[in-house]
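>>> The following comprises the amino acid sequence and a computationally predicted model.
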Amino acid sequence: MLVAAAVCPCPPLLVPAVAAGAAPELDAARAACTDALGVLAAARPDLLVVVGPAERAGRGPHPGGAPGSFRGFGVDLDVQLGVRHGPDGGDTAPERPLPPSLAVAAWLLERTGWSDAPIEGLGVGEPLEAERCIQSGRDLAARAERVAMLAMGDASACRTLKAPGYLDERAAPFDEAVGRALGAADVAALKGLDADLAYALKASGRAPWQILAGAGEGARLEGTLLYEDAPYGVGYVVATWS
């Protein structure tokens, strides 16, 4: 059963080494993410599931200990998604690398010193239908008696003329609706997100948020919105459910 959740954006720019001189611009977002992960730790979960958008090679499950890297962004920095315990009690690391969204999650977890529960990752493709997302969330919530979820993903990338997706007048209303739903732990509203509109607005978080909605069915968690802004013309939201 889902006992807590956190929602964080997933741009590699959250990692100061990647952002370089622009790092201070996301200090508030990083601080909010740290607070959100604190809520997960306080819930004392038996399992933490990290869900994030992924291209084809990164889709599917990523066990604890999966490696990630920011070398593709010009930074000599490696991360690991928790620890994987081998059959002999030793640690082993699988070879398949994390997608960038889960690498950012791994960096956030390492930064906050997460060691409270086993971790599993799930890379999700953008085309995954809403009902499949919701069912996946239900299945994940049933994995342990006390499950926490970290949902990584960005809102629209069309908030300004210089945004990656250029300016789209639908972007701000879409992001506002997403912020309200995540901040209120509104499962129904998240289930009803328009997948076609999310795709058009380049909102990478749609599928992870709908997985979270499925996991949150019947949990009766209360939401808190910690951060909402659109630096670089991309919507970033940080929220907690507890």
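Happy to help now that I have it.
>>> Go through stretch 107-115 and flag the buried ones.
Under the neighbour-count criterion of 16 or more other C-beta atoms under 10 Å, stretch 107-115 has 107, 108, 109, 111, 112, 114 buried. For glycine as for every other residue, the C-beta is placed from the backbone atoms N, C-alpha and C.
>>> so after the strand or helix carrying the third one, what's the next helix or strand?
Which is residue 109. For residue 109, the element it lies in under DSSP states H and E is helix 100-111. Downstream of helix 100-111, the first helix or strand assigned by DSSP H and E is strand 119-124.
>>> and the angle from that following strand to helix 100-111?
Comparing the axes of strand 119-124 and helix 100-111 via axes from the mean of the first three to the mean of the last three C-alpha atoms, to 10 degrees yields an angle of 160 degrees.
>>> Strand 119-124 packs against which elements?
Applying 3 or more C-beta pairs under 8 Å, 6 or more residues apart in numbering; DSSP states H and E, we find strand 119-124 packed against strand 47-53, strand 60-62, helix 100-111, helix 130-141, helix 206-215.
>>> list the buried ones in the shortest one?
The one in question is strand 60-62. The neighbour-count check on strand 60-62 (16+ other C-beta under 10 Å) flags residue 62 as buried.
>>> Equivalent analysis for the fourth one, please.
Buried positions in helix 130-141, judged by neighbour count with 16+ other C-beta under 10 Å: 130, 133, 134, 136, 137, 138, 140, 141.
>>> Out of those, which is nearest to residue 197?
Closest to residue 197 out of these is residue 130 (12.2 Å), distances taken as C-beta to C-beta.
>>> can I assume that closest one is in contact with residue 211?
No - if you go by C-beta atoms under 8 Å, residue 130 and residue 211 don't touch, sitting 9.9 Å apart.
>>> what residues are up against the closest residue to residue 1 other than its chain neighbours?
Of all residues not flanking residue 1 in the chain, residue 141 sits nearest, at 5.9 Å (C-beta to C-beta, 6 or more residues apart in numbering). Contact partners of residue 141, counting by C-beta atoms under 8 Å, 6 or more residues apart in numbering, are 1, 2, 147, 149, 214, 215, 216, 217, 219.
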